[in-house]
Structure formats: C-alpha cells, structure tokens
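**Q** Quick one, fold the following:
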Amino acid sequence: MIRINLLPIRAAKKKESVRFQLTVAGLITLSVVAILAAVYLKFRSDISLLGTDIAAAEKELEGLKVEVGELTKLKEQKRVVQSKLDVVKKLESARTGPVDLFTKVSTAIPARVWLQSLQDRGRVVSVNGYASSDEAVADFMKGLEGFSEFGKVELVVVQRAKSKPGAKEAKEAKELVEFSILIEKK
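**A** Below you'll find the predicted structure:
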C-alpha cells in the first residue's frame, strides 16, 4: 500500500491562507491609517482656515469698534448742535414775540382808545390806557379776545378821568375813561 502524505500541501495552503489574511489585514490597517491621516490633515486644514477667519473677524471687529466710537462721537456732536439750534429757535421766537404781541394789540385798538403802557410779564400782559367811552374799552377787549393766542381778557379797573396825561391845552380836557386790562397768553 502506498501512502501519500498530504500534510505539506495542507500546511502550504494554511501558510498561504495566513499570508493572505495577513496581507488583507495589513491592507485594511494601511487603508484605515491612510483614511485617518487624510481626516486629520483635513481637520487640521479646517482649523487653520477657521483660525485665519477668526483673526480676520477680530480685525473687522476692531475696525467696527472704531467706527462705532466715531458714530457715538458724531451722535453726541449732533445732540449738542441740535440743542444749540433749539436755543437759537427759542431766542428767535422770543425776539419776534414782543413784535407779534404789539401787532396783535395794535390791530385790536379801536379809533378812540389810547394806550399808556403795555407790559409783558411772561404769561400775563398788562395794558393801561384811556378811551373816550366805556363802549370803546369793550370794543378793545372784544378785539383782543378775537386772537387765538390770547386766553382770558380781564378788565381790572375802569374809572373816569378828566383828561389824558400830557394834554397841553385846556380845550383838550374832555371826560375820558381810564382802564387797566390783564390778558392771559395761551
């Protein structure tokens, strides 16, 4: 009987199988290492790009802070200029205020009424004068009440007087009415 020893073939197949498995395991390991290296390099590149983006954003932020500081200064200057303009407008209105008051009072004066004094005390105007009759004083008060800028027009005193002050001749000495009126401004 002949005996054939198949062990070396099995051992050779086993060795070849082990070699193949080691080669596959090595290739898989090498592939995994290559993939991990690529991912590492990609993340490192992304980190580098993000770092430059952060640096650029910080530079831009510093520039914006400077612009905001300038804008704040401009707003403060605008506020100061606006307050000065408001003061100028207030002064302008105060300058024309007496002129408007005199214009309104002069348009309300009837023919036979003479003013002796006119005093503006802020919210109240005091008018003193002479008239030829009580009706002339009443007409004067109605004329003053016709202006929307004036509130209450109040007759303080009305009394008879011999003549208006400063009459040089006795012929001008007539019976006149002396009056005092208070006008409230709105």
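
**Q** and the host helix or strand of L64, what does it pack onto?
**A** Assessed by DSSP states H and E, L64 sits inside helix 7-108. When contacts are defined as 3 or more Cβ pairs under 8 Å, 6 or more residues apart in numbering; DSSP states H and E, helix 7-108 sits against strand 113-120, strand 124-131, helix 134-145. All C-beta atoms are positioned from the backbone trio N, CA, C, and that covers glycine.

**Q** Could you dump these into TSV and include mean pLDDT?
**A** Formatted as TSV, those follow (pLDDT from 0 to 100):
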stretch	mean pLDDT
strand 113-120	91
strand 124-131	93
helix 134-145	92
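
**Q** Need the winner for burial among those.
**A** strand 124-131 (a mean of 19; mean count of other Cβ atoms under 10 Å).

**Q** ok, that one: who's next to it in the sheet?
**A** The partner list of strand 124-131 in its sheet, established with DSSP bridges, is strand 113-120 (antiparallel), strand 176-185 (antiparallel).

**Q** Which stretch among the ones you listed approaches D134 most closely?
**A** strand 176-185 (5.8 Å; Cβ to Cβ).

**Q** Just the CA coordinates for that closest one, please, in PDB.
**A** In PDB, the C-alpha atoms belonging to strand 176-185 read as follows (Å, rounded to 0.1, in the frame of the first residue of the first chain):
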ATOM      1  CA  LEU A 176     -62.200 160.100  29.400                       C
ATOM      2  CA  VAL A 177     -62.200 156.600  30.800                       C
ATOM      3  CA  GLU A 178     -59.000 155.300  32.300                       C
ATOM      4  CA  PHE A 179     -58.700 151.500  32.100                       C
ATOM      5  CA  SER A 180     -56.500 148.600  33.000                       C
ATOM      6  CA  ILE A 181     -56.700 145.200  31.300                       C
ATOM      7  CA  LEU A 182     -55.000 141.900  32.000                       C
ATOM      8  CA  ILE A 183     -54.500 139.400  29.100                       C
ATOM      9  CA  GLU A 184     -53.500 135.800  29.700                       C
ATOM     10  CA  LYS A 185     -51.500 134.200  27.000                       C
END
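
**Q** Could you give the separation of it from the chain centroid?
**A** A distance of 44 Å separates the centroid of the chain from that of strand 176-185, by Cα atoms, centre = their mean, to the nearest Å.

**Q** which other residues reach it?
**A** Strand 176-185 has contacts (Cβ atoms under 8 Å, 6 or more residues apart in numbering) with 122-134, 136-137, 140-141, 144, 149-164.

**Q** Dump the strands paired with strand 124-131 into CSV; add distance to S83 as well.
**A** Shown next, in CSV, are these (distance: least, Cβ to Cβ, whole Å):
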stretch, distance to S83
strand 113-120, 26
strand 176-185, 25
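
**Q** and of these, who's closest to T52?
**A** Of the strands paired with strand 124-131, nearest to T52 by Cβ to Cβ is strand 176-185, at 69.9 Å.
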